[in-house]
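Trainee: got a predicted model here, sequence first, then my questions.
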Amino acid sequence: MKTETKNLSQSKIEITFELEPAEWQEFIDGAVKELSADLKVAGFRPGHMPKGVVEREIGLAKILARAADLAARKSYIETVMDNKIEAVGAPKITILKVAEGNPFIFKAEVDVLPAVELPDYKKIAQSRKPKKKEEIVVDDKEIEKSLNWLAQSRAKHITVQRGAEKNDRVEIDFEAKIDGVKIDGGESQNHPLILGQGRFIKGFEDNLVGMKEGEEKEFSLVFPADYHEKNLAGKPADFSVKMKIVQQQEVPEINDQFAQQLGDFHCLEDLRQSVKDGLLREKAEKEKHDWREKALNEIAERAKMELPENLISQEEKAIIAELKGNVEQFGLKWDKYLEELKKNEAELKKELRGQAEKRVRAFLVLREVAKNENIEVSEQEAEQEMNNFLRRYPDAERSKNEVDIEHLKEYTYGVIRNEKVFQLLENL
């Protein structure tokens, strides 16, 4: 087999393949055997028919088409592997010559990882470091806020037969209309909320105060002028509400007993220290993440490269999948979410292109720095990290069915490599 590679751009190549007649004939024979397996011809066993019989039954064109598919696929994969071509996505195959007794010629056009011209990333990383490292501190107000959140999260809700009050948990059915027309997404049943948290427009929760279970009420309010949905901003709306349930919150007192119920704490002071330590770790992690993001963004912005369209498309799909997951996690339907945005998925993907390009640039930069610095990931490191991930599955057999091991392996190598790159930049 002869091959000739031509660069179409920094991130796209074209490979022309030519198989000699004898080599091409092997694929024709393979296609005949494969296609004959589904044929039923008197006097012949499926899969063991002469070429002439198969050709008579289905035609030469079909045999050559299948042979071309087999030859192109095998030749392309072998060439990419042997030459360590970093292909991105599936190739575009074009058949140039297909005939019996002649060479088989085709070409494959494919995106590849581009050459990346890095800026002085070490200088950028060093310039991003503060001259004097500030001490991370957590004050008493932050600790109290976290303790109050813990107490609120463990509050008991007792159903009461009285008018709703501030801080009560209620469930309501409601409907909102403008000029008698129901607002898109402006209705809900058994909708839970805590009165006083201000989750609805100003005045809505005030109108619920005093309502008892089973009571219904109608009232009008004006959407704020700066409301996030521009089509509703500044408009008057009519609301119909039915109170389904009123529950009084019993928030536990924050004391030694409360601390002991939460875990291995002897007293409230132990819990306070644990909360403080957690907040310190959280702040330190955020500080590290912010530094990494700013340093990487600056390096990526100054780097020169041509972004493969295939990689951008893959990243757009990944961002959409992440967004779908987040939307559904909050109990919303994806179609309904798109309706509220007044966009279809193609329009949303177009808006996300800039974010996808930014991610691709970051990926290529991290990979190039790793190559420059000879950063490698051992099989032992990757295997240990993969095992840590798979331990989250209580059933080992289930994990085999639910997890794409090859994809996980590739992802794990990338995560460890990126962490090593960031650590190198941090320690300059």
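Mentor: Cool, got the structure.
Trainee: how close does Lys288 sit to Glu298?
Mentor: 16 Å (CB to CB, to the nearest Å). All C-beta atoms are positioned from the backbone trio N, CA, C, and that covers glycine.
Trainee: those two: who's more crowded?
Mentor: Glu298 (16 against 12; other CB atoms under 10 Å).
Trainee: pLDDT score assigned to the more buried one?
Mentor: pLDDT, Glu298: 95.
Trainee: what's the nearest residue to it if we skip its chain neighbours?
Mentor: Using CB to CB, 6 or more residues apart in numbering and skipping residues adjacent in sequence, the residue nearest Glu298 is Ile124, 5.3 Å away.
Trainee: which secondary structure element contains the one you found?
Mentor: helix 121-128 (DSSP states H and E).
Trainee: only the buried residues of that helix, if you could.
Mentor: Of all the residues in helix 121-128, those buried under the rule 16 or more other CB atoms under 10 Å are 121-122, 124-125, 128.
Trainee: for the residue most central in space within the chain, which residues are in contact?
Mentor: Taking CA atoms, centre = their mean, the centroid of the chain lies closest to Glu322, which sits 3.4 Å from it. Contacts here follow CB atoms under 8 Å, 6 or more residues apart in numbering; on that basis Glu322 touches nothing.
Trainee: mind telling me what element it is part of?
Mentor: Glu322 belongs to helix 309-329, assigned by DSSP H and E.
Trainee: about what we covered before: in TSV, list the buried residues of helix 121-128 along with distance to Asp206.
Mentor: TSV is the format used below for the buried residues of helix 121-128 (distance: CB to CB, whole Å):
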residue	distance to Asp206
Tyr121	56
Lys122	58
Ile124	53
Ala125	53
Arg128	48
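Trainee: run through who's touching the helix holding Ile124.
Mentor: With CB under 8 Å, 6+ apart as the criterion, helix 121-128 contacts 291, 294-295, 298-299, 302, 365, 369, 425-426, 428.
Trainee: again, but for stretch 220-227
Mentor: 201-204, 207, 229, 232-239.
Trainee: nearest to Ala61, of those?
Mentor: The shortest gap between Ala61 and any of these belongs to Glu229, at 58.0 Å (CB to CB).
Trainee: returning to that earlier point: okay, the helix holding Glu322 in CSV with CA atoms only?
Mentor: Extracted in CSV, the C-alpha atoms of helix 309-329 (Å, rounded to 0.1, in the frame of the first residue of the first chain):
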residue,chain,number,x,y,z
GLU,A,309,-13.7,22.4,13.8
ASN,A,310,-14.2,18.8,15.0
LEU,A,311,-12.9,19.6,18.4
ILE,A,312,-15.1,22.7,18.7
SER,A,313,-18.1,20.7,17.7
GLN,A,314,-17.4,18.0,20.3
GLU,A,315,-17.0,20.6,23.0
GLU,A,316,-20.2,22.3,22.1
LYS,A,317,-22.0,18.9,22.5
ALA,A,318,-20.3,18.4,25.8
ILE,A,319,-21.4,21.8,27.1
ILE,A,320,-25.0,21.2,26.0
ALA,A,321,-24.9,17.8,27.7
GLU,A,322,-23.6,19.4,30.9
LEU,A,323,-26.3,22.1,30.7
LYS,A,324,-29.0,19.5,30.1
GLY,A,325,-27.9,17.6,33.2
ASN,A,326,-28.0,20.7,35.4
VAL,A,327,-31.5,21.6,34.1
GLU,A,328,-32.9,18.2,34.7
GLN,A,329,-31.2,18.0,38.1
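Trainee: next secondary structure after that helix?
Mentor: That would be, after helix 309-329 and using DSSP H and E, helix 334-341.
Trainee: just give the closest residue to Glu306, not the sequence neighbours.
Mentor: Using CB to CB, 6+ apart, the nearest residue to Glu306 is Gln10, at 3.8 Å.
Trainee: hang on, isn't the one you found packed against Val116?
Mentor: No. The pair Gln10 / Val116 is not scored as a contact, 9.4 Å apart, by CB atoms under 8 Å.
Trainee: where do the contact lists of the two overlap?
Mentor: With CB under 8 Å, 6+ apart, Gln10 and Val116 have common neighbours Met305.
Trainee: burial of Lys74, as a residue count?
Mentor: 14.
Trainee: just Glu165 next, same as before
Mentor: 16.
Trainee: got phi/psi on it?
Mentor: Backbone torsions for Glu165, taken as degrees, to the nearest 10, come to phi -130, psi 170.
Trainee: need the pLDDT of it.
Mentor: pLDDT at Glu165 comes out at 95.
Trainee: residues touching it, list them.
Mentor: Taking CB under 8 Å, 6+ apart, one finds 195, 209, 248 in contact with Glu165.
Trainee: out of those residues, which are buried?
Mentor: 195, 248.
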